[in-house]
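Chemist: generate a structure from the sequence data that follows.
(chains A and B)
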There are 2 protein chains.
Amino acid sequence: MSDLPAQVDIHEEGPREGFQIEPGPIPTADKIALIEALAETGLRHIQICSFVNPRLVPGWADAEAVAGGFRPRPGVQYAALWFNENGLNRALAFRDRLTMAGSISLAASDAFSRKNLNRGHAENLEAMRKQTAVHLAAGLPVTRIGVMAAFGCNYQGDISPAQVVRTVADGLAVAEEAGVAITDVSLADTMGWATPIRIERGIGAVRERWPELRIGLHLHDTRGLAVANAHAGLKLGVTKFDSTVGGLGGCPFAGQKGAAGNICTEELVLLCEEMGIATGVDLDALIEVGRLAERIVGHQLPSELLRAGSLDAFRRKAA
Amino acid sequence: MSDLPAQVDIHEEGPREGFQIEPGPIPTADKIALIEALAETGLRHIQICSFVNPRLVPGWADAEAVAGGFRPRPGVQYAALWFNENGLNRALAFRDRLTMAGSISLAASDAFSRKNLNRGHAENLEAMRKQTAVHLAAGLPVTRIGVMAAFGCNYQGDISPAQVVRTVADGLAVAEEAGVAITDVSLADTMGWATPIRIERGIGAVRERWPELRIGLHLHDTRGLAVANAHAGLKLGVTKFDSTVGGLGGCPFAGQKGAAGNICTEELVLLCEEMGIATGVDLDALIEVGRLAERIVGHQLPSELLRAGSLDAFRRKAA
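Modeler: As a prediction, the model looks like this:
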């Protein structure tokens, strides 16, 4: 048990991941209310919106109103997502409110790259070369490689650890060309193919080659294994996780309507805190925010913990 | 990874656990349809009904009709539950169709024992002494101790591994008095307090004292950690798990309305099969049965896998 980390960084992506997939329009004020409530729970990093084409993702037509409208809380980092120069420029209008950084985003599956980004891996590498130059020109740091579909793909099937290593190597080559140093690699289980063993093997392969890189996990609970996969990551000393309150979200391009979204922040916090790993998050407060998220989207979210409540709540009653 | 077992025994409890908690009456024919469909998936042990007081558990007023009505499939064991001599006698009328065995059922939490059984631990031990005599008189084997609330309790708070060991010791004393040899201990996370570390410590404590006992896990997904807990058990070589298709169920006396039920059979099967642990179950067939269970109860069940589908289904498409 001594290999468990003492603390972890949780990147909350509920607002950004969650609202892009909901069928109905979510009022801007509700999005802001959720962001502000999340910032009161002890979370230190919140991804608040996506500067994407409103024709493709109508749920984020109000990205500007959200990014400009929320009241920032000191000590909390607010992030946003973009996929091209137009999105970046929209985000840069809020650079005084946002923590902005570039990222080299790749997919370990060529088939998923084509479905999700409309370009294969080679074309995507070329796009990332250009995007890295644009990020650097805008004065943004580029220190992170993201690998989507790192544990399997609905369109391509199993993804080997060797394929993940090749993808990271390709990303590092892009970074090297641009003269930037990568410190972080995020492995994303975009379509819910990970198992604890695949987590161990995937992380093991990347770490063996690049022991200096900090590895983060972006897990989806598509098949109910996200918490088990997070635990496998914790046992390997992973200290950075993306998650969404209530389990909001799900990838709109993964070809699985109705599939569960990201790992629930509150279940990840419960797992960590009950095992002595500090998250900085007040779990009871976070559960209340999860219930707020359910009221906002108007339906039950996947999180079981929202219905059961924290263990501390029962401990206080039992004492 | 070499400590993972080569195969596991899954005890399906969906029919029994699931139908006791549903608010509406479930037609007998639907219960039988689910049992017969489960038996076609490769599951080898199915708990089909509960011989309980129909005034307390109206959902099982038709236990006789179910136990007498299903068409047994050769090679499949069908089990039932009872809590007293009256229930046992009702079950014995079907002993040619049921695999019947006695069990010494205890709770590691005195408070839960009072809430669930209306008697404290000491009174419950006395009741188990009598029940063991009754089971032996009926010619049933008594080889198993069940420990409810083995990892924590909504009414008592945390439960220490030492408390679990004391509870097992008390059960072994009852068995010894009766002259029977216990081979199996089932640790139940009745109210969803387990974490991977608590699983490791609880099993470790029991195993250290009685290395010869086979330990089984009965896990609830109350707070989303069931699959992670099952994985922790698998890594310790646990080869016996109770589960319910779709995640049917939940304890009616746990004081948590709306909380999730047992670990989903299909998510447990996915976890095992994807890590090379044989279950004997056809996962795609089981997912179809989970969808049948949703149609029968008339609402969505907690299983994420029912919506996402198996990985093999995607592998076939991708190939």
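Chemist: alpha carbons only for contacts and neighbour counts from here, please
Modeler: Noted.
Chemist: helix, strand or coil for the residue most central in space within chain A?
Modeler: Nearest to the geometric centre of chain A sits A:Asp242, at 3.8 Å (C-alpha atoms, centre = their mean). At A:Asp242 the chain is in strand, as set by DSSP: H, G, I helix; E, B strand; the rest coil.
Chemist: just to check, it is in contact with A:His220?
Modeler: No. Taking contacts as C-alpha atoms under 8 Å, A:Asp242 lies outside contact range of A:His220: 9.5 Å.
Chemist: domain boundaries for chain A, per the record?
Modeler: Following automatic domain parsing, one finds the domains of chain A at A:1-100+A:267-319, A:103-243.
Chemist: so which of those gets nearest B:Gly42?
Modeler: Closest approach to B:Gly42 among the domains of chain A (C-alpha to C-alpha): domain A:103-243, 20.5 Å.
Chemist: and chain B, is that closest one touching that?
Modeler: Yes. Under the criterion of C-alpha under 8 Å from any C-alpha of the partner chain, chain B is reached by domain A:103-243 at A:154-158, A:193, A:195, A:197, A:221-225, A:227-229, A:231.
Chemist: so how far is stretch A:193-206 off the chain centroid?
Modeler: 18 Å (C-alpha atoms, centre = their mean, to the nearest Å).
Chemist: now stretch A:50-60
Modeler: 18 Å.
Chemist: quick check, A:Glu212 in a strand?
Modeler: No. Residue state for A:Glu212 (three-state DSSP) corresponds to coil; a strand is not indicated.
Chemist: pLDDT value on the closest residue to it other than its chain neighbours, please?
Modeler: Leaving aside its sequence neighbours, A:Glu212 sits nearest to A:Thr183 (C-alpha to C-alpha, 6 or more residues apart in numbering or on different chains; 7.6 Å). pLDDT, A:Thr183: 98.
Chemist: same check, this time on A:Ser2
Modeler: For A:Ser2, pLDDT reads 51.
Chemist: again, but for A:Ile21
Modeler: Value listed for A:Ile21 in the pLDDT field: 76.
Chemist: and the one 10 residues further on, by the same measure?
Modeler: A:Lys31 is assigned a predicted lDDT (pLDDT) of 97.
Chemist: isn't it right next to A:Ala67, touching?
Modeler: No. Between A:Lys31 and A:Ala67 there is no contact under C-alpha under 8 Å: 10.1 Å.
Chemist: who's more crowded, these two?
Modeler: A count of neighbours by other C-alpha atoms under 10 Å in any protein chain shown puts A:Lys31 above the other of A:Lys31 and A:Ala67, at 27 against 24.
Chemist: hmm, back to that, common neighbours of A:Asp242 and A:His220, please.
Modeler: A:Ile263 (C-alpha atoms under 8 Å, 6 or more residues apart in numbering or on different chains).
Chemist: how near is the residue nearest to the centre of chain A to chain B?
Modeler: A:Asp242 sits 17 Å away from chain B, taking C-alpha to the nearest C-alpha, to the nearest Å as the criterion.
Chemist: same deal with A:Cys264?
Modeler: With C-alpha to the nearest C-alpha as the criterion, A:Cys264 and chain B are 9 Å apart.
Chemist: wait, that residue touches A:Ser243, no?
Modeler: Yes. Between A:Cys264 and A:Ser243 there is a contact at 5.8 Å, judged by C-alpha under 8 Å.
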